[in-house]
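Enquirer: generate coordinates for the sequence data below:
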Amino acid sequence: MIVDAHHHLWDLSVRDQDWITDPPMGVIRRSFLEPDFVAAAPEVSASVLVQTVCVPEETPEFLAVAASSDVVSAVVGWVDLTSAGVSDALAALVDSPDGSWLRGIRHQVQGEADPEWLCRKDVWNGLAAVGAAGLVYELLTLPHQMPAARRTVAALPQVEFVVDHCSKPAVGADPGEWAELIRSLAAHENVTCKLSGLVTEADWKSWSVGELRPYFEVVLDAFGPSRLMFGSDWPVCLLAASYEEWLGAAQELVSELSAGEQDAIFSGTARRVYGL
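Expert: Here you go, the predicted model:
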């Protein structure tokens, strides 16, 4: 039974998603609700719903979705890590009626202009509060932000970190520098990684499993199956592939692994990390 460790939902009648307004994003410029996800992913028995915008209202909405869903089993939400009140904000979410579904926090670090944003003192204080609340923190970073991520995970060994989308390598380019950085992150035992987002970092029209394989092999070697987990990044993946196409590609990538190793990537790692 597959666990999808990374997908999104949004309702444009409730809140705009200003990151999908450009014409190339047209295919996902509509609402995607929980029944849409369930229909798109019939193989999935449990999933992790991940934040999309940096506003406090979204997280309680997602917690309510998880509370009423047979599939959505955990939520990765958002709080302002730089706020002096971050611990109180986390406590309010955890103690809310649906707070038991909250398992992690994420911020769109990829959109921060400062490549050292993760190393700010107030951010580290916020990350420490996330760990103290018993939550994981998801690293949504680009390759040039990975040195700051590496210093952060080393400075906060008490916090569990998850790398989203393999930190978005430029698929098709020389993976050398990115590979060195991802291995340096994986050297820290408090870091796991999502096998997700690769198709949208490749050419949307012409990607192939063979083109994705070198990047998969790097994260597999760096993290091992016990610290690697499948995520669809649906509906963002629709820019390049249907749910079934990306799932099939991921299954092909892992096809030479043992049954136990495949189970770790498609279920076990996510169940452990998110307490499913």
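
Enquirer: what about D88, neighbour count?
Expert: 12 (other Cβ atoms under 10 Å). Placement of C-beta: from N, CA and C, glycine included.

Enquirer: quick thing: my sequence starts at 387, can you match it?
Expert: I'll keep to 387 as the first residue from here, and by that count the last item is D474.

Enquirer: same question for the helix or strand containing it: list its buried residues.
Expert: In this structure, D474 sits in helix 472-480 according to DSSP states H and E. For helix 472-480, burial by neighbour count (16 or more other Cβ atoms under 10 Å) applies to V472, S473, A475, L476, L479.

Enquirer: show me what it is packed up against.
Expert: On a contact count with 3 or more Cβ pairs under 8 Å, 6 or more residues apart in numbering; DSSP states H and E, helix 472-480 meets helix 444-454, strand 488-493, helix 507-518.

Enquirer: contacts only, for D607.
Expert: R569 (Cβ atoms under 8 Å, 6 or more residues apart in numbering).

Enquirer: from C579, how far out is it?
Expert: 11 Å (Cβ to Cβ, to the nearest Å).

Enquirer: sorry, back to before: next, the angle from the helix holding D474 to strand 488-493.
Expert: On the basis of axes from the mean of the first three to the mean of the last three Cα atoms, to 10 degrees, helix 472-480 is oriented at 140 degrees to strand 488-493.

Enquirer: point out where the stretch 487-636 of the chain drops to low pLDDT.
Expert: By pLDDT under 70, the stretch 487-636 of the chain has no low-scoring segment.

Enquirer: what segments of it are strands?
Expert: In the stretch 487-636 of the chain, the segments counted as strands under DSSP state E, counting those that start in this stretch are 488-493, 522-525, 547-549, 577-581, 614-616.

Enquirer: could the ones you listed be laid out in CSV, adding distance to Y660?
Expert: Formatted as CSV, the strands of the stretch 487-636 of the chain follow (distance: least, Cβ to Cβ, whole Å):
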stretch, distance to Y660
strand 488-493, 5
strand 522-525, 7
strand 547-549, 9
strand 577-581, 10
strand 614-616, 9
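
Enquirer: of the ones you listed, which approaches D466 most closely?
Expert: D466 lies closest, by Cβ to Cβ, to one member of these: strand 488-493, at 8.3 Å.

Enquirer: which parts of the longest helix seen in the chain are buried?
Expert: Determined from DSSP state H, the single longest helix within the chain is helix 595-609. Buried residues in helix 595-609, counted by 16+ other Cβ under 10 Å: V595, L598, Y601, F602, V604, V605, L606, A608, F609.

Enquirer: neighbouring contacts of stretch 530-544?
Expert: By Cβ under 8 Å, 6+ apart, the residues outside stretch 530-544 that reach it are 495-496, 498, 501-505, 509-510, 513-514, 517, 525, 527, 545, 547, 549, 553, 564, 567-568, 570-571, 574, 576-577.

Enquirer: so which bits of that stretch are buried?
Expert: Residues Q531, M532, P533, A534, A535, R536, T538, V539, L542 are the ones in stretch 530-544 that count as buried (16+ other Cβ under 10 Å).

Enquirer: tell me the one of the buried residues of helix 472-480 nearest H394?
Expert: L479 (18.4 Å).

Enquirer: just checking, the closest one touches T445?
Expert: Yes. L479 is within contact range of T445, at 6.0 Å (criterion: Cβ atoms under 8 Å).
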